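Trainee: Everything below, folded, please.
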Amino acid sequence: MKNSFGNSINITIFGESHGNSVGFVLDGLPAGIMVDEQNIRALLALRRPQGAISTQRSEKDEFVIHSGVYNGYTCGTPICVTIPNADTRSKDYGDMERLARPSHADYTAHIKYRGFEDFRGGGHFSGRITAALVAAGGILLPALNKKGIYIGTHIRSCAGVKDREFVNISDDIKELSNKQFPVLDIERATAMQDKILQAKQNGDSVGGILETAIIGIEAGVGEPWFDSFEGLLSHAVFSIPAVKGIEFGAGFAVSEMLGSQSNDAIRTEQGRVYTETNNSGGINGGITNGMPILFRTAIKPTPTISREQQTINYVNLENSTLAAAGRHDPCIVHRARIVVDCVAALVTADALAVKHGTDWLAL
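Mentor: Numbering: from 1, shown residues only. You can find the predicted model right below:
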C-alpha cells in the first residue's frame, strides 16, 4: 500500500476513519517557513460539516504538531501532525460489516487486504483522511502566497445548478478564501443548497464540479512527459475520494472546436508574454506557460445513502440489499473544495522545489 506523494516535497498520510487519529508526515520542506497554527485551524474549519447539508459527525480537528516545527517555523526536518478522531460511532457500521456499499471501496478493499481492512466508516478510504491533506495545506498555501502564488476553488455546478465562471481571478480567489460554501454568485449558492436538502429528504445524494485556479506561477514548470504539470495535478487530485474526472482549460469542449477556435493566440507587452484566451488552462506540452492554471474536478454523489440498494455479502458472496444507517453527507462538493486547494498547493510547491531547489520556498 502506497500512501506517499511528491518528489522533492513529499507527504505520507495515515489513519482510518474510526481509528485513534489521522495525520501526515511532510518531508522535504526547508527550514524557516512560518507555521501559523491559526491558519491551519481556519482551513480545517472550511472542510468541516455545515449544518443540514452535511454529515452530523462533528470533529473538532484539534491537531497536534509532533515534530519539525520550533518557535513557529519549520526546522527542515520531517513534520509530523496528528488529528484525533473523537466523534466516531462504529456501532452504526455493525450491520454493514459484510455488505458492500455500492460505488464504495468496501469490496475492493476486502479483496486487496484479504479481510484485514478496517471497514468502519470506510477505514483508510474515508474522506476523513483528507483532514490530513488540509492540515498540510495550512503550511504550504501561506508559503506559496508569500511567493505571489494563490489558489482558489469554487463550486462550478452542483445538482445541475451552475455558478458563474471566474472573471477577475485574483479578486475571486480572495472572495472565496473564507467562504464556507464557495460559490461566487450568492443566489446560486441558495439554489444549490436547496437541491442538496431535497436529495437528503429523499434519502439520496448529489455531486458537482469544482473549478480551481492557480495564479502567479511562472512559465517553465513541469516536464514534457510523465511529470507534466497537469499529469502531477491529475495524479494527486484523483487521490481525493469521490473524484471521477478532471479537465484543464476548455477541457473536453476542445474536441468540438476547430483549431482556429481552440488555439490560444500568443502576444507580448512590455516584456510579458501572455495568451488572449486560455483554452490550454495555462499549460502547453506539460509545462506552465505563465497564464493562470485552470482545471475542473468532477465529484460524484456521496455513495453512502439511506435508500435501499442491491448489493452483496462479500464474505459468503450472497446477494443482499442495503439501506445504509449512520451519519453521511448528502453532498461533499463544498467540503472537497479546500481539499483540492491543498492538494494543488502540494503539487505546485513540489514542482517548484524540483525546478528551483528545496530552499526556494523559504527564501
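
Trainee: Determine the number of other residues adjacent to residue 168.
Mentor: By the measure other Cβ atoms under 10 Å, the count of residues near residue 168 is 9. Where you see a C-beta, it was placed from the backbone N, CA and C, and this is true even at glycine.

Trainee: Would you list the phi and psi of it?
Mentor: phi -100, psi 100 (degrees, to the nearest 10).

Trainee: do residue 329 as well
Mentor: According to degrees, to the nearest 10, residue 329 has phi -80, psi 130.

Trainee: just checking, it touches residue 205?
Mentor: Yes: contact criterion Cβ atoms under 8 Å: residue 329 and residue 205 qualify, at 7.2 Å.

Trainee: Now list whatever residues contact both of these two.
Mentor: residue 302 (Cβ atoms under 8 Å, 6 or more residues apart in numbering).

Trainee: the more surrounded of the two?
Mentor: More crowded of residue 329 and residue 205, by other Cβ under 10 Å: residue 329, with 25 against 22.

Trainee: Got the confidence number for residue 56?
Mentor: You'll see residue 56 listed with a pLDDT of 66.

Trainee: again with residue 114
Mentor: In this model, residue 114 carries a pLDDT of 88.

Trainee: swap in residue 84?
Mentor: 93.

Trainee: Is there a neighbour count for it? I'd like the number.
Mentor: Residue 84, neighbours per other Cβ under 10 Å, totals 17.

Trainee: How about residue 281?
Mentor: Residues lying near residue 281 (other Cβ under 10 Å) number 25.

Trainee: give me every residue that touches it.
Mentor: Residue 281 touches 230, 248-251, 293-295, counting by Cβ under 8 Å, 6+ apart.

Trainee: Could you export those residues to TSV, including columns for pLDDT and distance to residue 318?
Mentor: Converted to TSV, these look like this (pLDDT from 0 to 100; distance: Cβ to Cβ, whole Å):
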residue	pLDDT	distance to residue 318
230	97	44
248	98	44
249	98	48
250	97	48
251	97	42
293	98	48
294	98	48
295	98	43
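
Trainee: Please identify the member of the residues you listed with the greatest number of neighbours.
Mentor: Going by other Cβ under 10 Å, residue 293 tops the contacts of residue 281 with 28 neighbours.

Trainee: if I read this right, that one contacts residue 284, doesn't it?
Mentor: No: Residue 293 is beyond contact range of residue 284, at 11.7 Å (criterion: Cβ under 8 Å).

Trainee: Can you read off the pLDDT for residue 40?
Mentor: For residue 40, the model assigns a pLDDT of 97.

Trainee: Tell me how many other residues crowd residue 42.
Mentor: By other Cβ under 10 Å, neighbour count at residue 42 equals 14.

Trainee: so when I look at residue 174, I'm seeing a strand, right?
Mentor: No: going by DSSP: H, G, I helix; E, B strand; the rest coil, the assignment for residue 174 is helix, not a strand.

Trainee: give the contact list for it.
Mentor: With contact set as Cβ under 8 Å, 6+ apart, residue 174 has these partners: residue 152.

Trainee: could we number from 498 for the rest of this?
Mentor: From this message on, residue numbering opens at 498, which makes the last subject residue 671.

Trainee: Next one: it from residue 710, what distance?
Mentor: Residue 671 sits 12 Å away from residue 710, going by Cβ to Cβ, to the nearest Å.

Trainee: what is in contact with those two at once?
Mentor: residue 649.

Trainee: Surely residue 574 and residue 566 touch.
Mentor: No: contact criterion Cβ under 8 Å: residue 574 and residue 566 do not qualify, at 9.2 Å.

Trainee: Ramachandran coordinates for residue 731?
Mentor: Residue torsions, per degrees, to the nearest 10, at residue 731 are phi -60, psi -40.

Trainee: who's in contact with it?
Mentor: Taking Cβ under 8 Å, 6+ apart, one finds residue 743 in contact with residue 731.

Trainee: same thing with residue 604?
Mentor: 597, 809, 811.

Trainee: so what's the last one up against?
Mentor: In this case it means residue 811. Residue 811 touches 595-597, 603-604, 607, counting by Cβ under 8 Å, 6+ apart.

Trainee: quick one: which of those has the most company?
Mentor: So for the contacts of residue 811 (other Cβ under 10 Å), the most neighbours sit at residue 603, 26 neighbours.

Trainee: Quick check: phi and psi at that residue.
Mentor: phi -60, psi -50.

Trainee: Repeat that for residue 827.
Mentor: Backbone torsions of residue 827, given as degrees, to the nearest 10, read phi -70, psi -10.

Trainee: Quick check, it in contact with residue 695.
Mentor: No: with contact defined as Cβ under 8 Å, residue 827 does not reach residue 695; the gap is 9.0 Å.

Trainee: Show me which of those two is the more surrounded one.
Mentor: Ranked by neighbour count (other Cβ under 10 Å), residue 827 and residue 695 place residue 827 first, with 25 against 13.

Trainee: so the nearest residue to the more buried one once chain neighbours are set aside is in which element?
Mentor: In space, and not counting its chain neighbours, residue 827 is closest to residue 697: 3.8 Å by Cβ to Cβ, 6 or more residues apart in numbering. Per DSSP states H and E: residue 697 is located in helix 683-698.

Trainee: Do a quick rundown of the helices in the chain.
Mentor: 534-544, 603-610, 627-643, 666-673, 683-698, 726-734, 756-759, 830-853 (DSSP state H).

Trainee: Residue 571 against residue 526, yeah?
Mentor: Yes: between residue 571 and residue 526 there is a contact under Cβ under 8 Å: 5.1 Å.

Trainee: So for those two, which residues contact both of them?
Mentor: Common neighbours of residue 571 and residue 526 (Cβ under 8 Å, 6+ apart) are 565, 636, 859.
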